[in-house]
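Trainee: Got a sequence here, can you model it:
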Amino acid sequence: MKNRHFLNKNWKVFLHKERKTHPAFAIPQEGVAATVPGTIHTDLFNAGIIPHPFYDMNEKDLQWIDWNDYRYECRFDLPAGMDLKQNIFLVFEGLDTIADISLNGQKLAETKNMFRSYRFKINALLKEKGNLLQIIFKSARVYGQEYRPEIEQMSSTLHPERAFVRKSQYAFGWDWGPQFATCGLWRPVYLLQAECGIKAITFDALAFLPESVKVKSEILLWGNVPKGSRLEINLQIEEKSGRQRMYRKTLKRISNENGVEFEVESPALWWPNGMGRAVLHKLEVALFDKNDQLLARDEKKVGIRQCELVTTEYGEAVFYFKINERPLFAQGVNWIPAHAFLPEIKKETYRRLLEMAAQANMNIIRVWGGGIYEDDYFYQLCDELGLLVWQDFMFACSAYPEDDDFVAEVKAEVEENVFRLRHHPSIILWNGNNENEWIWHFEHPGLVEKMPGYRLFHEWIPNWLNQFDPFRSYWPSSPWGMDADPNDTNSGNRHVWDIWSRWVDYTEVKNDQSLFVTEFGFQAPAHYQTLKKVIPQDRFLAQSESFEWHNKQVEGNERLFRFLAGHLPVVTTMADFIYLTQLNQAFALRACLGYWRLYQSRTMGAIIWQLNDCWPVTSWSLIDSELRPKLSYYQVRRIFARETVFLRQSENNIELHVLQPHEDQPHEVRVVGLTEDGKAVQELFFKEIEQFYSILPLRLPKESVRSHSVLIATLYDRAGKRIARDILNLKRWKYLNLAFQDSNLRLVAENGLWVECVNSPCFFIEIRHPDKNFLDQGFTLLPGERQQILAEEEFESVLLDEMEIFCLNRYLQ
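Mentor: This is a model prediction of the structure:
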């Protein structure tokens, strides 16, 4: 059995080669204590040498760090229980990025890919006492710029030298993230005593029969497997009835690649969130030698499901997924790394973010190609939560080299990560890159095939996948289609960035003809309390240099004001500015998602840019870096709900769309029309709505429509419980004059905490507290209605004085 000892103590880091300096900061010659896993930036911060990289504009003053080389050292003795007479390996799960490794003065290797792991046999170099492990990290920016002649050929956004470095591309700076091209041992390093081991376990469904499913598992081994060894495979299946059944097989003639098949009867299938249970089964693999000594063991949670990417139907271009033979409307988000310094991401962060995605009724996560192949735990959570994964390979917004060394690195990276991940039922698609061809097309229209790196995504990677994972679909890029323009509406998937990035208002979504949207979004600042931590009090203003520094899009802040002024009042205080810009983001996502969800005859996917942030910033995220949801998160949750209601205005009429999954439990809808001053002037009732999807025309007299400013539609169940609510403003909000007095909206402590509306409708209520996240925000109440205020954690009513209430009415007087 393997013996593993982590080398996570006694590390120091030294400045190895200095190219740039800053007069305010100096690294002592004797080095500083280092954390493994960790980064040079966090080590220097923990040592008190640099200020916090996120605070104010410190990022600008810390750019010198990226240009230097650093040496990490660890001194260790041979751990108790390890024997030099048996094989001992030094294993690195992640080195970021350009690294020279030596042990006791002897060079082991040079590595240049943070997406790979490395294993070295070190018996000949190890000593019982006083071992010295050294890793010299060369500046990734310097390494990339050594390819200066080739850089000129690249159509790259944001620091083109990054294309030559197999490193997370966002680290060089992005339009939502800081520029910290850091280095360090970003994943664990350890000593491993073993003769052999299990390299990977795959699990795939081969055939779905009327009463059973044929499945196959491949077990890949590494090392010198002793003669006479055997593999024992146990597959525990949950059947549709809920009963557990065990299937067992033993392989006695084994090699480094071993396959085993089972025919399992009536297994419970794995379903995406909202379509059924994400049922997982247990697969155990154990390797024994001829004397029954356990050599290696591994266990995986696996799922059984069918997945098909449909791109043509009845001779027409389409783009959608079928899961277990049922068409899926994909509703979800793009995922970026959850921290600018990757080792700072905790398991709790992964769980919190992904649970919030599932709770918002999402069913798909796109892992964006400028980050990383995520931690195993990320995919385990997606499996458990029923979140499908559209998995990019790690290439973004650039052409890429095609020389032999680079291609060999990419092949090794693809092989390792595909075999590491392919047993996860959540992963349904491998995607070649993010926007490479689209960006090349901007500068070289009609010449996409001439793009450096084109063969990677259209020839080599798909060919490798035929060997590494023949069971999943592959798509060469996002966006990609069959026309000269990779982002054309006629086929494939699209990125919709006319809205926001090209200054187009979100109301123009009505002209969109996308088949499947994998990126679109609208910016808003992080939460008030999140930004207060990083922006000095004297610069806590919407037009301060510090606030604008925390928005990385070119003219990002200008867009905030432009689109705010288009729909809502422009305000000056930060509390009000954050509320209204977050509300405007929610309005934009309601318009876009509502349109695409109602347009499923053509559009079958809407994946928002983006779920999360990697630092405190104004960005397109739904949840900020402190895990505080923006108002848009709650709006998206309502739009993606299975039971919901939409009001939609066209040129000639207003339609009421009702979605309800339970046809045997008829619902009813009440529609209220309000005048400019918020007075109710008309009510319509629709009762006993039984169909899964109903479109009901609102027959309102022209005079009545002219007098209306707002329509409020509320969906109730048979018992009169409020299920969903949608609001349609027939005039832009900034033009309305909604009467409001503070006494109209009050907090009531009565068997819990409630917010109560008294005399006139209160629109888009937000309750803020310095330390609490509430389970619902941005809701609207009609006179006489109340809503209980629940927090993610229990709180006492004595905190009432610390709460602040926002509602749109206050700004429309």
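
Trainee: what stretches of the stretch 701-813 of the chain score poorly on pLDDT?
Mentor: Scanning the stretch 701-813 of the chain for pLDDT under 70 picks out 701-707, 795-799.

Trainee: Can you list the buried residues in stretch 404-423?
Mentor: 406-407, 409-411, 413-423 (16 or more other C-beta atoms under 10 Å). For the C-beta atoms, the positions are set from N, CA and C on the backbone; glycine is no exception.

Trainee: Now it: average pLDDT?
Mentor: For stretch 404-423, mean pLDDT rounds to 98.

Trainee: Below-threshold pLDDT in the protein: ranges please.
Mentor: Using pLDDT under 70, the chain drops low at 1, 148-149, 155, 662-666, 688-693, 697-707, 795-799.

Trainee: Next, the buried residues of the biggest strand by length in the chain.
Mentor: Assignment by DSSP state E gives strand 212-223 as the longest strand of the chain. For strand 212-223, the neighbour count (16+ other C-beta under 10 Å) marks V213, V215, S217, E218, I219, L221, G223 as buried.

Trainee: for it, packing partners?
Mentor: Applying 3 or more C-beta pairs under 8 Å, 6 or more residues apart in numbering; DSSP states H and E, one finds that strand 212-223 makes contact with strand 196-201, strand 204-208, strand 230-238, strand 257-265, strand 281-288.

Trainee: Let's have those in CSV, adding distance to A575.
Mentor: Putting the helices and strands packed on strand 212-223 into CSV (distance: least, C-beta to C-beta, whole Å) gives the following:
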stretch, distance to A575
strand 196-201, 52
strand 204-208, 53
strand 230-238, 51
strand 257-265, 58
strand 281-288, 50
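
Trainee: So what's the residue count around D742?
Mentor: 8 (other C-beta atoms under 10 Å).

Trainee: phi, psi of it?
Mentor: The phi/psi pair for D742 (degrees, to the nearest 10) reads phi -50, psi -30.

Trainee: ok, I695 touching I654?
Mentor: No. Contact criterion C-beta atoms under 8 Å: I695 and I654 do not qualify, at 11.2 Å.

Trainee: out of those two, which sits in the busier spot?
Mentor: Between I695 and I654, I654 has the larger neighbour count (other C-beta under 10 Å), namely 21 against 12.

Trainee: what residue is smack in the middle of this protein?
Mentor: In the chain, the centroid-proximal residue (C-alpha atoms, centre = their mean) is W335; its distance is 1.5 Å.

Trainee: I figured that one hits I364, correct?
Mentor: No. W335 lies out of contact with I364 (C-beta under 8 Å); the separation is 10.2 Å.

Trainee: contacts for the longest strand of the chain?
Mentor: Residues from elsewhere that reach strand 212-223 (C-beta atoms under 8 Å, 6 or more residues apart in numbering): 87, 119, 194-207, 231, 233, 235, 254-267, 283, 285, 287, 296, 304, 419.

Trainee: Direction included, what does it pair against?
Mentor: strand 196-201 (antiparallel), strand 204-208 (antiparallel), strand 257-265 (antiparallel) (DSSP bridges).

Trainee: got the buried residues for the helix ranked longest in the chain?
Mentor: Determined from DSSP state H, the single longest helix within the chain is helix 574-597. For helix 574-597, burial by neighbour count (16+ other C-beta under 10 Å) applies to 574, 576-597.

Trainee: just to revisit the earlier point, out of the strands paired with strand 212-223, flag the one nearest Q537.
Mentor: strand 196-201 (52.7 Å; C-beta to C-beta).

Trainee: can you map out the helices along the stretch 51-200 of the chain?
Mentor: Taking DSSP state H, counting those that start in this stretch as the criterion, the stretch 51-200 of the chain carries its helices at 58-61, 140-145, 148-151.

Trainee: swap that for the stretch 501-650 of the chain, please
Mentor: Going by DSSP H, counting those that start in this stretch, the stretch 501-650 of the chain shows helices at 528-532, 545-549, 556-567, 574-597, 631-639.

Trainee: list the helices and strands the second one packs on?
Mentor: By that I understand helix 545-549. Helix 545-549 packs on helix 556-567, going by 3+ C-beta pairs under 8 Å, 6+ apart.

Trainee: Tell me which residues are up against the helix it packs on.
Mentor: 175, 500, 503, 505-506, 522-525, 542-543, 547-548, 551, 553, 570, 580-581, 584, 587-588, 618, 732-734.

Trainee: Make a ChimeraX selection of the buried ones in these.
Mentor: Of the contacts of helix 556-567, the buried ones can be selected in ChimeraX as follows, counting by 16+ other C-beta under 10 Å:
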select :175,500,506,522,523,524,525,542,547,548,551,553,580,581,584,587,588,618,733
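
Trainee: just to revisit the earlier point, mean neighbour count, the helices of the stretch 51-200 of the chain: which tops it?
Mentor: helix 140-145 (a mean of 20; mean count of other C-beta atoms under 10 Å).

Trainee: Mind listing residues that contact that helix?
Mentor: 19, 66-67, 69, 97-98, 112, 151, 159, 161-165, 167, 171-172, 181, 183.

Trainee: Can you flag the buried ones in those residues?
Mentor: Buried among the contacts of helix 140-145 by 16+ other C-beta under 10 Å: 66-67, 69, 97-98, 112, 151, 159, 161-165, 167, 171-172, 181, 183.

Trainee: between the helices of the stretch 501-650 of the chain, which one is nearest to I323?
Mentor: helix 574-597 (17.6 Å).

Trainee: how many degrees apart are that closest one and helix 556-567 in direction?
Mentor: 80 degrees (axes from the mean of the first three to the mean of the last three C-alpha atoms, to 10 degrees).

Trainee: What is the burial count for L388?
Mentor: Neighbours of L388 using other C-beta under 10 Å come to 26.

Trainee: OK, contacts around the nearest residue to it once chain neighbours are set aside?
Mentor: Closest residue to L388 apart from its sequence neighbours, by C-beta to C-beta, 6 or more residues apart in numbering: I364 at 4.3 Å. I364 makes contact with P272, A330, Q331, G332, L387, L388, V389, W390, G605, I607, according to C-beta under 8 Å, 6+ apart.

Trainee: and which of those residues is nearest V758?
Mentor: Q331 (36.1 Å).

Trainee: burial of the residue lying closest to P536 once chain neighbours are set aside, as a residue count?
Mentor: Nearest residue to P536, sequence neighbours excluded (C-beta to C-beta, 6+ apart): D56, at 5.7 Å. Neighbour count of D56, defined by other C-beta under 10 Å: 17.

Trainee: do W460 as well
Mentor: W460: 17 neighbours (other C-beta under 10 Å).

Trainee: Hmm, F406 and it touching each other?
Mentor: No. Contact between W460 and F406 fails when scored by C-beta under 8 Å: they sit 11.0 Å apart.

Trainee: intersection of neighbour lists for the two?
Mentor: Common neighbours of W460 and F406 (C-beta under 8 Å, 6+ apart) do not exist.

Trainee: just the helices in the stretch 651-800 of the chain please.
Mentor: Using DSSP H, counting those that start in this stretch, the helices of the stretch 651-800 of the chain run over 702-707.

Trainee: re earlier: just tell me which of the helices and strands packed on strand 212-223 ends up closest to K510.
Mentor: That would be strand 204-208 among the helices and strands packed on strand 212-223, by C-beta to C-beta, at 40.5 Å.
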